[in-house]
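> Quick one: sequence plus predicted model below, questions after.
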Amino acid sequence: MSASGNSKLMGISVAAIAIALVAIFVASYSLTNIATLDENDDDDERYVPQTREMWLFTQVDEHIDEDKYSIPPDQFSHDSIVVNKGDNVKIHFYNLEPVETQEHHTFTITSPYDINHDINAGEEASIVFTATESGIFDYLCTYHQPTMRGQLIVLDN
Ligand SMILES: [Cu+2]
C-alpha cells in the first residue's frame, strides 16, 4: 500500500471516530434532558389526596305540586359534589323527614362506586369512599326520581 493510501485510510478513520463521538454526545444529551423533564413533572404535578367532607340533607320543595306534575318534590340539599381523583370523600347524609312519616331516602351511586345507603326518617349515615375513578357520576335517591339526584364530579388531576 502506498503512503498516500495509508493517509487516506487514516483520514477516514478520524472522520469515523469524530462522527461516533458526536453521536454519543447527542444521545447522552437527549437522555439527560428527558431525565430532567421527568423530575420536573413529578415535582409540579404530584397530587396529594385530600379528605373532602360535606353535609348533605334531604329537603322538600313545597312549590312542586306532586299531583299536578307527577314528580316528587324531594331533593338533595346539594346537586353537585366536586372532588379530585384520589380524594377520600366523607358525606354526612341526613334524612330530615319527621320520624313519624317513616319516609326513607337513599344515597345511591351505581358502578364503578356501587354505593347504596337507605336511611329512615330522622336518621343519618356517614358515607365514606375513595374517588378512584374520574368522571361525572349521578347520585340519586332510588325512591324519588327524577327529581332527587345530583352529580359527583371527580376531576382528573
Ligand atoms: Cu328520596
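Cool, got the structure.

> roughly how far apart are the most centrally placed residue in the chain and residue 142?
Central residue of the chain (CA atoms, centre = their mean): residue 85, 2.7 Å from the mean position. Distance, residue 85 to residue 142, by CB to CB, to the nearest Å: 26 Å. Heads up, the C-betas are built off the backbone N, CA and C, glycines and all.

> Adjacent strands (with direction) for the biggest strand by length in the chain?
When the chain is parsed with DSSP state E, its longest strand is strand 51-60. Strand pairing for strand 51-60, using DSSP bridges, gives strand 74-76 (antiparallel), strand 88-94 (parallel).

> Give the buried residues for that strand.
Neighbour counts over strand 51-60 (16 or more other CB atoms under 10 Å) mark 56, 58, 60 as buried.

> Pretty sure residue 76 is one of the things the second one touches, is it not?
Think residue 58. Yes: using CB atoms under 8 Å, residue 58 makes contact with residue 76 at a distance of 6.9 Å.

> hey, what's in contact with both of those two?
141, 148 (CB atoms under 8 Å, 6 or more residues apart in numbering).

> which parts of the protein sit against the ion?
The chain has residues 74, 105, 141, 143-144, 148 near the ion, with proximity defined as CB under 5 Å from the ion.

> what's the burial count for the residue nearest to residue 73 when sequence neighbours are not counted?
The shortest distance from residue 73 to any non-neighbouring residue, by CB to CB, 6 or more residues apart in numbering, is to residue 64 (3.8 Å). The number of residues packed near residue 64 is 14, by other CB atoms under 10 Å.

> helix/strand/coil for residue 64?
What DSSP: H, G, I helix; E, B strand; the rest coil gives for residue 64 is coil.
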